[in-house]
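> For reference, the sequence and a predicted model appear below.
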Amino acid sequence: MREEKPKSPSQKNKSQKSRWFWPAIYAGIAIVFVGMIWGYNAFIQKGPNETADATDPNATPLVETNAATEVLKYPFNEDQLDNVAIIQEYYDAEADEETRESALLVFNQTYLTNKGVSISMDGQPFEVVAALSGTVKEVIIDQFKGSEVTLEHTNGMTTIYGSLTGILVKEGDEVIQGQSLGTATSNEWNAKAGTHLHFQVHKDGNPVNPRTFLGF
């Protein structure tokens, strides 16, 4: 009978390597596949708008994301609501005669229909705040009519804050709802109103009655 020669150490090593080669490959592929699934699930749960570290002081506020879920609020601190009076109404052609008359703005014997509401607080200056988060589209400094700030919002609205002084924002600024814009003041153009905020709301480029959204 032919006697088998014992395998050399190098042959044994080759045999062992061959035995573990494919299982190791399969295990590596499985680990990579599981890692991809875990990473995808983590991304979906976190969302593309949340990739910035919330603790990073240099992270940009997600103004656009927040504004999409906001509703219009008062352009002043809500705890002052009991002191508010609407002294000049939005002009609505279908309103009663008295309301239409109060919505006419007069200067130099010229009548203009009011595209907003004139808000007063006992004739005293008060802080004016952003009714919605948005971008400062325009800032007009006017001593005669009072300064004006226009904000654009992601929901198609534009809000305008007139008869202001001490403007705190500039064009291009991103502001959040409730952020201070300036202080209500009096002006020579509409002296009859005294110290007031002239507040306008436009939807898709057209003025609408702020009372439609706010319970003054």
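That came through fine. Numbering: from 1, shown residues only.
> Flag the shaky bits of the protein, pLDDT-wise.
Applying pLDDT under 70 to the chain flags residues 1-68, 107-109.
> Can you list the residue ranges for helices in it?
Per DSSP state H, the chain carries helices over the ranges 9-46, 63-67, 97-102.
> Now the last one: buried residues?
Neighbour counts using 16 or more other CB atoms under 10 Å place 100, 102 of helix 97-102 among the buried residues. Every C-beta, even on glycine, is put in place using the N, C-alpha and C of the backbone.
> Show me what it is packed against.
Helices and strands touching helix 97-102, as assessed by 3 or more CB pairs under 8 Å, 6 or more residues apart in numbering; DSSP states H and E, are absent.
> Dump that helix to PDB, keeping only the CA atoms.
Output for helix 97-102, consisting of C-alpha atoms alone and laid out as PDB, is shown next (Å, rounded to 0.1, in the frame of the first residue of the first chain):
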ATOM      1  CA  GLU A  97     -70.900 103.600   5.400                       C
ATOM      2  CA  GLU A  98     -69.400 104.400   8.800                       C
ATOM      3  CA  THR A  99     -66.700 101.800   8.400                       C
ATOM      4  CA  ARG A 100     -65.900 103.000   4.900                       C
ATOM      5  CA  GLU A 101     -65.700 106.500   6.100                       C
ATOM      6  CA  SER A 102     -63.200 105.600   8.900                       C
END
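> neighbouring strands for the lengthiest strand in the chain, and are they parallel or not?
The single longest strand within the chain, with elements called by DSSP state E, is strand 157-165. In the sheet containing strand 157-165, its partner strands are strand 147-152 (antiparallel), strand 180-184 (antiparallel), strand 197-203 (antiparallel), by DSSP bridges.
> which residues touch that strand?
For strand 157-165, contacts defined as CB atoms under 8 Å, 6 or more residues apart in numbering pick out 72, 75, 116, 118, 125, 128, 130-132, 134, 137, 145-153, 181-187, 190, 193, 196-203, 205.
> who's residue 118 bridged to?
residue 88, residue 198.
> from memory it sits against residue 194, does it?
No. If you go by CB atoms under 8 Å, residue 118 and residue 194 don't touch, sitting 9.3 Å apart.
> wait, what's in contact with residue 192?
Contacts for residue 192 (CB under 8 Å, 6+ apart) come out as residue 106.
> What distance do you get for it to residue 137?
28 Å (CB to CB, to the nearest Å).
> what do you get for residue 185?
With CB to CB as the criterion, residue 185 and residue 137 are 21 Å apart.
> Who has more neighbours out of those two?
Counted by other CB atoms under 10 Å, residue 185 and residue 137 do not tie: residue 185 has more neighbours, with 18 against 15.
> Which strand residues bridge that one?
With DSSP bridges as the criterion, residue 185 is bridged to residue 196.
> if I pick it, what's in contact with it?
When the contact criterion is CB under 8 Å, 6+ apart, the partners of residue 185 are 125, 146, 163, 164, 165, 195.
> about what we covered before: between residue 118 and residue 194, what contacts are shared?
residue 87.
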